[in-house]
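> curious how this folds, go ahead:
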Amino acid sequence: MSERLVVGIVVGVHGVRGLVRVKPFTLDPFALGDYGLLSDESGTRSFRVTVKNALKDQLLCSVEGVADRDAALALKGTRLCIERDRLPDDALDEDEYYHADLIGLPVELADGTPLGSIRAVEDYGAGDLLDIVRPQGQAPVMVPFTRACVPVVDLANRRVVVDPPAGLLDDPENRPRQGTPGRGRG
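Take a look at the predicted model:
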């Protein structure tokens with residue numbers, strides 16, 4: 001069975017005619033309507049979504065069979081999913097990856113030392129970061145997902161090689177503290 005991937009989440013309603021606001025998780029937000037039939041995370045409910053308009057970082061959508069505000073409200077919080085095998089692998093450029101394909105991959109340093117595994121791919125506005133869980137109680141680390149810091153992504157052999165910036169892997173207890181000691185928000 002194929003893995004289900006979340007492509008959006010219903011975050012609210014719009015008006016009284018059953019329109020929903022969806023936060024998309026696709027590179028092209030309007031592509032959400034191109035995937036055809038979507039499902040919830042369990043795969044028990046299906047949804048045919050039509051994108052009507054964009055509202056800031058959300059989409060205004062109609063959902064087939066949802067015609068009033070109450071029915072739309074019942075969908076709030078629903079994660080809209082597709083099967084991984086429905087995503088076109090040939091549509092990716094050489095250095096592009098589906099985040100879902102990176103999750104769980106083992107990560108090693110350039111010298112072959114195991115570092116951990118990818119827990120998530122995050123973007124807080126300045127570009128993608130690999131959230132790497134480290135073994136034996138070590139603190140997780142975020143590594144910029146750039147060619148300089150991640151020179152090798154080998155999906156076929158299930159490995160990622162990182163070359164983190166100097167000091168990134170140092171123990172946080174040994175890092176110099178920022179700010180002025182002993183001063184609060186006053």
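> where along the chain do the helices fall?
69-73, 99-102 (DSSP state H).
> so for Gly167, which of those helices sits nearest?
Judged by Cβ to Cβ, the one of the helices of the chain that comes nearest to Gly167 is helix 99-102, at 24.1 Å. Where C-beta positions appear, they are placed from N, C-alpha and C, glycine not excepted.
> by contact count, what packs against the closest one?
Applying 3 or more Cβ pairs under 8 Å, 6 or more residues apart in numbering; DSSP states H and E, we find helix 99-102 packed against strand 114-123.
> tell me the mean pLDDT over the strand it packs on?
Averaged over strand 114-123, pLDDT sits at 91.
> buried residues, that strand. List them.
Buried residues in strand 114-123, defined by neighbour count with 16 or more other Cβ atoms under 10 Å: Leu115, Gly116, Ser117, Ile118, Val121.
> possible to save the helices of the chain as JSON lines with distance to Gly15 and mean neighbour count?
Listed next are these as JSON lines, based on distance: least, Cβ to Cβ, whole Å; neighbours: other Cβ atoms under 10 Å:
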{"stretch": "helix 69-73", "distance to Gly15": "7", "mean neighbour count": "16"}
{"stretch": "helix 99-102", "distance to Gly15": "33", "mean neighbour count": "17"}
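> where among those is average confidence lowest?
The bottom spot among the helices of the chain, by mean pLDDT, belongs to helix 99-102, with a mean of 85.
> so what touches it?
Helix 99-102 is contacted from outside by Glu3, Leu5, Arg84, Ile118, Ala120, Val121, Leu130, Val153, Leu155, Val160, using Cβ atoms under 8 Å, 6 or more residues apart in numbering.
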